[in-house]
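A.B. asks: Got a sequence here, can you model it:
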Amino acid sequence: MFSFSPANAMIKRLPTILILCLLAVLAWFLWQKPAAAPDQQAVRTAMPEMPKQAKAGDEQHLQLWRVVTRRLVSRASVNTLDARLHQMGLTPIELSMEEEVTVHAFDDATLYKTREEASVAAQLWKEKGFDVNLIKVDDTTYMLGLGRLYQEKHALLLQQKLKQTGMAYRYQRRAVPVTTWRFTFAASDRADAQQLWQQLENSGVLMPVLMTEVQFQQLYGALVLKPHPATGGGTTIR
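C.D. replies: You can find the predicted model right below:
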């Protein structure tokens, strides 16, 4: 037979007491208002720097454009084009430089011992419509130059004409250093430069080039720029 004691009774009631305590704590939490969220501290972040604007002078320089005419290899062509540009109301600026160009040289195939022999042969070429240049190599050697051309398309035309004669000729192609000329005009914005380019193109001035002022300075900045005085009339350029 088991004996009953107060201690044993407390042990039996312990789980019930624990459950009641947990329920009481839960009820207290449910009754309490939710705590206010703590104030957020201001977060400071560095804003990215805006890109610096180009200086006024640099920006203007980048927006400038130039028109440059094709290369010329003779002073006669320079004077002719200059007169033509002035007739159009333009103020050309001359660019002159030394550069290596390809020359197409056509000569009579025969070397002559005397000027008289060369002169007789030159007359035959002239009768067939060729411009002839009698060249003295030395006291006993003369030759006939039939053309010195710097553009391949013109050289091909002359070559076809020479073949039709049935006469013997000599052709050489070589690079030679020569003085060349171009014309440019005052730098302007792109719209004005485009309009000038179109004006030159429509007038028959062959192959004008439109470029930025930066490109122009890279190519021709070292040259002395000077307005070219009007030279009067002239024949049409080839």
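
A.B. asks: got the residue ranges for the helices in this protein?
C.D. replies: All helices of the chain, identified by DSSP state H, fall at 6-31, 56-63, 75-87, 115-127, 152-165, 190-203, 213-220.

A.B. asks: okay, and for the protein, where does confidence drop off?
C.D. replies: 1-15, 21-62, 224-238 (pLDDT under 70).

A.B. asks: Quick one, which of the helices of the chain gets closest to residue 183.
C.D. replies: Distance to residue 183, taken as Cβ to Cβ, is lowest for helix 75-87 among those, at 6.5 Å. The C-beta positions use only the backbone N, C-alpha and C, and glycine is treated the same way.

A.B. asks: So what's the residue count around residue 127?
C.D. replies: As a burial measure, residue 127 scores 8 neighbours (other Cβ atoms under 10 Å).

A.B. asks: How much space separates it from residue 81?
C.D. replies: 32 Å (Cβ to Cβ, to the nearest Å).

A.B. asks: Equivalent analysis for residue 180, please.
C.D. replies: Noted for residue 180: a distance of 13 Å to residue 81, by Cβ to Cβ.

A.B. asks: any common contacting residues for the two?
C.D. replies: Where contact means Cβ atoms under 8 Å, 6 or more residues apart in numbering, the residues bridging residue 180 and residue 81 through contact with each are residue 72.

A.B. asks: out of these two, which sits in the more crowded spot?
C.D. replies: Taking neighbours as other Cβ under 10 Å, residue 180 and residue 81 compare with residue 81 leading, 24 against 18.

A.B. asks: Please list all residues in contact with the more buried one.
C.D. replies: In this structure, residue 81 makes contact with 69, 72, 92, 183, 205, 237, judged by Cβ under 8 Å, 6+ apart.

A.B. asks: which of those residues sit farthest apart?
C.D. replies: For the contacts of residue 81, the farthest-apart pair by Cβ to Cβ is 92 and 237; their separation is 13.6 Å.

A.B. asks: Neighbour count for the two, which is higher?
C.D. replies: Counted by other Cβ under 10 Å, residue 92 and residue 237 do not tie: residue 92 has more neighbours, with 22 against 17.

A.B. asks: nearest to residue 96, of the helices of the chain?
C.D. replies: Taking Cβ to Cβ, helix 75-87 is the member of those nearest to residue 96, at 8.7 Å.

A.B. asks: Can you show me the CA trace of the closest one as PDB?
C.D. replies: Output for helix 75-87, consisting of C-alpha atoms alone and laid out as PDB, is shown next (Å, rounded to 0.1, in the frame of the first residue of the first chain):
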ATOM      1  CA  ARG A  75      50.500  76.100-111.200                       C
ATOM      2  CA  ALA A  76      48.300  76.600-114.300                       C
ATOM      3  CA  SER A  77      45.600  74.400-112.700                       C
ATOM      4  CA  VAL A  78      45.900  76.300-109.500                       C
ATOM      5  CA  ASN A  79      45.300  79.600-111.200                       C
ATOM      6  CA  THR A  80      42.400  78.200-113.200                       C
ATOM      7  CA  LEU A  81      40.600  76.800-110.200                       C
ATOM      8  CA  ASP A  82      41.400  79.900-108.200                       C
ATOM      9  CA  ALA A  83      39.700  82.100-110.800                       C
ATOM     10  CA  ARG A  84      36.800  79.800-110.900                       C
ATOM     11  CA  LEU A  85      36.300  79.900-107.200                       C
ATOM     12  CA  HIS A  86      36.400  83.700-107.100                       C
ATOM     13  CA  GLN A  87      33.800  83.800-109.800                       C
END
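
A.B. asks: which parts of it are buried?
C.D. replies: Across helix 75-87, burial judged by 16 or more other Cβ atoms under 10 Å covers 77, 78, 79, 80, 81, 82, 84, 85, 86.
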